[in-house]
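Participant: Fold the following for me, if possible:
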Amino acid sequence: MTHSPADQQYREKQAGALQIGDYLFLPGDGPAEEITHIELEHDDFGVPALIVVTTLDRGNVRIAIGSSVPVGEAAVNPDDVAPLAEPVPGEAPDGVTPDDGTPDGGDAPAEAAPAVVVPPLPPVAPTVSGPLLPAEAPSPAQLALIPEPTDSPEDVVAAAAEVHPGRNGVAVLSERLVKGINTKSGSCLRDLSDLAHDLFIELRDPDYALAVADILNVLPYDGNRDRWMSVERSLALSGFICRELGQTERAEVYDQLLQAPDTVETDPFKARIAAKVRQRGLNEPNLYDKEIFRSIDNGNRDAEREWRLLRLETLMFLRSHGGSNTIGVGELDHRIANELEAVRA
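Facilitator: Down below sits the predicted model:
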């Protein structure tokens, strides 16, 4: 026999606060079902719009981002409870709270409590850990670690090209940029970011790579994600270069600037949703393993190198966030060194 939420103990929870392991009452009559996966869908303006929840037994459920939904505890399956004890009618026994299955005032684990019909919710790991919290904005003293430019952006690009004559990639990029650098142009910002990467990765010139990157690094986040992607690449590269040069304090400034978009949301609900999405991206990054292995199998060295460059950028981005719950700083440093060696070979 199934029961609607009205027949079972439940509470309201905002859709954005749902977590894997929660038990959700689905539309219509039926028991609460365990959530096994959560995805966030945005509207065409990039605003979180839908939560797509996957349950253990019923597939996907779509929930509007601002909705409140009934959540409760696991559905009762008599076959599951029979080996433990005779089914107990009604609610949990006196002295046992529905939230943790522990007697009032006690610290014993759930399995030490008397057998109950409704099992407690499983523990859920926190979404954001200490090192992955958004960084604070750098202070004026920290920003002073980024050298003030002595020349115009165009002059910096021209000087870098002059030091490395005959290099096709640098020559093509610099030829476009010296005509005029417009920091409102997404293509211009991408050219600057590409030039900084070429100078460091291809030509092993960290000084001019930083000089070019700093043209981008001082630009504030203006809400335009397309333009910001170029600044983000530049900041991640600059942080890595400075750590390689032993300039750890300057590297931390770049890391803080890179994380600036993580702190702009003032609405607590939207900020919590953004934090979950950000954490999932850090924990499950695309490192292009399939594409790289496919290129190796096909003997396509050029394609392999392009995919490895994308992997390198992702690893540098993760390093600027202090790692994640799945890849630590030490592992990132090791993998970045391996990728650099591979793309420079």
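Participant: where does the stretch 201-345 of the chain dip in pLDDT?
Facilitator: Counting by pLDDT under 70, the stretch 201-345 of the chain shows no low-confidence range.
Participant: need the strands for it, in chain order.
Facilitator: Using DSSP state E, counting those that start in this stretch, no strands are found in the stretch 201-345 of the chain.
Participant: Show me the helices in it, by range?
Facilitator: 206-217, 225-244, 248-258, 268-283, 289-297, 301-320, 329-344 (DSSP state H, counting those that start in this stretch).
Participant: what's the angle between the first one and helix 248-258?
Facilitator: It refers to helix 206-217. Relative orientation of helix 206-217 and helix 248-258, computed by axes from the mean of the first three to the mean of the last three C-alpha atoms, to 10 degrees: 30 degrees.
Participant: CA atoms only: put helix 206-217 into PDB for me.
Facilitator: C-alpha atoms of helix 206-217 as PDB (Å, rounded to 0.1, in the frame of the first residue of the first chain):
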ATOM      1  CA  PRO A 206      58.000  33.500 -18.200                       C
ATOM      2  CA  ASP A 207      58.800  37.200 -18.000                       C
ATOM      3  CA  TYR A 208      57.100  38.400 -21.200                       C
ATOM      4  CA  ALA A 209      54.400  35.800 -20.600                       C
ATOM      5  CA  LEU A 210      53.600  37.600 -17.300                       C
ATOM      6  CA  ALA A 211      53.900  41.000 -18.900                       C
ATOM      7  CA  VAL A 212      51.400  40.200 -21.600                       C
ATOM      8  CA  ALA A 213      49.100  38.300 -19.100                       C
ATOM      9  CA  ASP A 214      49.000  41.300 -16.800                       C
ATOM     10  CA  ILE A 215      47.300  43.300 -19.400                       C
ATOM     11  CA  LEU A 216      44.400  41.000 -18.800                       C
ATOM     12  CA  ASN A 217      44.900  40.200 -15.100                       C
END
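Participant: And the strand or helix carrying residue 171, how far out from the chain middle?
Facilitator: Residue 171 belongs to helix 168-177 when assigned by DSSP states H and E. Computed by C-alpha atoms, centre = their mean, to the nearest Å, the separation of helix 168-177 from the middle of its chain amounts to 33 Å.
Participant: got the contact list for the helix or strand following it?
Facilitator: Downstream of helix 168-177, the first helix or strand assigned by DSSP H and E is helix 186-197. Helix 186-197 has contacts (C-beta atoms under 8 Å, 6 or more residues apart in numbering) with 153, 157, 160, 169-170, 173-174, 176-177, 181-183, 209-210, 212-213, 215-216, 219, 224, 226-227, 230-231, 233-234, 237-238, 309, 313. For glycine as for every other residue, the C-beta is placed from the backbone atoms N, C-alpha and C.
Participant: Which of those are buried? Put it as a PyMOL command.
Facilitator: To isolate the buried subset of the contacts of helix 186-197 in PyMOL, counting by 16 or more other C-beta atoms under 10 Å, use the following:
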select buried, resi 153+157+160+170+173+174+177+181+183+209+210+212+213+215+216+219+227+230+231+233+234+237+238+309+313
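Participant: before we move on, back to that, okay, the helices of the stretch 201-345 of the chain in JSON lines with distance to residue 146 next?
Facilitator: Listed next are these as JSON lines, based on distance: least, C-beta to C-beta, whole Å:
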{"stretch": "helix 206-217", "distance to residue 146": "6"}
{"stretch": "helix 225-244", "distance to residue 146": "9"}
{"stretch": "helix 248-258", "distance to residue 146": "6"}
{"stretch": "helix 268-283", "distance to residue 146": "25"}
{"stretch": "helix 289-297", "distance to residue 146": "34"}
{"stretch": "helix 301-320", "distance to residue 146": "15"}
{"stretch": "helix 329-344", "distance to residue 146": "22"}
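Participant: per-residue pLDDT, the spatially closest residue to residue 205 that is not a sequence neighbour?
Facilitator: Nearest residue to residue 205, sequence neighbours excluded (C-beta to C-beta, 6 or more residues apart in numbering): residue 199, at 4.7 Å. Looking at residue 199, its pLDDT is 96.
Participant: Using the three-state scheme, assign residue 199.
Facilitator: For residue 199, the assignment made with DSSP: H, G, I helix; E, B strand; the rest coil gives helix.
Participant: follow-up on the earlier one: of all the helices of the stretch 201-345 of the chain, which one comes closest to residue 19?
Facilitator: helix 268-283 (8.5 Å; C-beta to C-beta).
Participant: Which positions in that closest one come out as buried?
Facilitator: Across helix 268-283, burial judged by 16+ other C-beta under 10 Å covers 271-280, 282.
Participant: And stretch 141-151, by the same measure?
Facilitator: 142, 146.
Participant: Centre of the chain to it, how far?
Facilitator: With C-alpha atoms, centre = their mean, you get 29 Å for stretch 141-151.
Participant: Please look at the residue nearest to residue 205 and residue 173 and confirm they touch.
Facilitator: No: when contacts are counted by C-beta atoms under 8 Å, residue 199 is not listed as touching residue 173 (9.6 Å).
Participant: Report the rounded mean pLDDT for the helix holding residue 171.
Facilitator: Helix 168-177 comes out with an average pLDDT of 91.
Participant: try stretch 25-43
Facilitator: 78.
Participant: now stretch 286-304, how far from the centre of its chain.
Facilitator: On C-alpha atoms, centre = their mean, the centre of stretch 286-304 falls 24 Å from that of its chain.
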